[in-house]
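Engineer: coords below, sequence missing:
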């Protein structure tokens, strides 16, 4: 067997692992692909050491990491270790190995990566940038209002169907990561602008074409992530916002502003659709840093 070949036994072990965690956690295709990429690269390296995935020991893992460290960023190494750790814990649980070779392998300490956000004045300028006298501008206004009011991921926003919006209850049913659904409140402003869009803009944009998508393009198709990304960059320029801009920035602003105004962390976690509260906790740090700056700027002894 060539050192560049994935052994059939290793391929089968990877497939079994991915099938199991997909069934257990309903992970997205991108997450499963990341696991497969890391494990396949490790298995091919292991074959050059005349070993297979289920005969690896701790020294082998350390040797592989020593090879990867100079070539990779700390975050990539952290992801690799997480992939290996989960793979071997699964095989230990299934009694396919006797010892977990990653048991005492430590992940590198990563620098705290703070999400980029907008302050409330910048958000208002962005929301007011579309020309609501134009049908496309009215659609864009409704999308921006909903994105900020609900903290949706852009993939969730563009996937919403008209049947998933309840104007009477002011909620939208959203399908997030792992195909998990959640009900998210829309807020009065978003409801008002979506209602206006549905009556005055969507029928004109569709021109008698049929679509179940809530937000549609001039071709009658559902809005895409790429189109919305370009759209939000354009409105940021119109609003005079010079910060790096992406649809995710409004999601970060949603979470940060809620916490700034006293929202409970668990509530923000539910609204964002985070499965683990540790993912949400980064926003408490962002909110604290903003409060410190406000205190320093406005308190006489700041």
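Structural biologist: Right, received. Where do you want to start? Computed from a predicted model, the values in this text were never measured in an experiment. Residues are numbered from 1 along each chain as shown.

Engineer: residues in contact with residue 222?
Structural biologist: Contacts here follow CB atoms under 8 Å, 6 or more residues apart in numbering; on that basis residue 222 touches 158-159, 211, 213, 215-216. Heads up, the C-betas are built off the backbone N, CA and C, glycines and all.

Engineer: Out of the residues you listed, which is nearest to residue 40?
Structural biologist: Nearest to residue 40 among those, counting by CB to CB, is residue 159 at 30.0 Å.

Engineer: measure the closest one to residue 71 for me?
Structural biologist: The spacing between residue 159 and residue 71, counted by CB to CB, to the nearest Å, is 37 Å.

Engineer: give me the element the residue lying closest to residue 148 once chain neighbours are set aside is part of.
Structural biologist: Beyond its immediate neighbours in the sequence, the residue positioned closest to residue 148 (CB to CB, 6 or more residues apart in numbering) is residue 250, lying 5.0 Å away. Under the assignment given by DSSP states H and E, the secondary-structure element containing residue 250 is helix 247-260.

Engineer: now for that helix, which elements pack on it?
Structural biologist: For helix 247-260, the packing partners by 3 or more CB pairs under 8 Å, 6 or more residues apart in numbering; DSSP states H and E come out as helix 120-127, helix 135-150, helix 154-159, helix 225-238, helix 265-272, helix 282-298.

Engineer: Go ahead and measure how far that helix is from the middle of the chain.
Structural biologist: The gap between the average C-alpha position of helix 247-260 and the chain average comes to 13 Å, counting by CA atoms, centre = their mean, to the nearest Å.

Engineer: What angle do helix 120-127 and that helix make with each other?
Structural biologist: Put simply, helix 247-260 runs at 140 degrees to helix 120-127, going by axes from the mean of the first three to the mean of the last three CA atoms, to 10 degrees.

Engineer: How is this protein divided into domains?
Structural biologist: Here the chain is described, according to automatic domain parsing, as comprising the domains 8-93, 120-298.

Engineer: looking at those domains, which has the lowest confidence?
Structural biologist: Averaged per stretch, pLDDT over those is lowest on domain 120-298, reaching a mean of 83.

Engineer: Next one: residue 250 from residue 232, what distance?
Structural biologist: From residue 250 over to residue 232 the distance is 8 Å, taken as CB to CB.

Engineer: Pull up the overlap in contacts between these two.
Structural biologist: With contacts defined as CB under 8 Å, 6+ apart, the residues adjacent to both residue 250 and residue 232 are 126, 144.

Engineer: Just give me the neighbour total for residue 157.
Structural biologist: 23 (other CB atoms under 10 Å).

Engineer: any idea how far the closest residue to it other than its chain neighbours is from residue 128?
Structural biologist: Closest residue to residue 157 apart from its sequence neighbours, by CB to CB, 6+ apart: residue 147 at 5.6 Å. In this structure, residue 147 and residue 128 are separated by 14 Å, where distance is defined by CB to CB.

Engineer: So which of those two has more stuff around it?
Structural biologist: A side-by-side neighbour count of residue 147 and residue 128, using other CB under 10 Å, places residue 147 first with 26 against 13.
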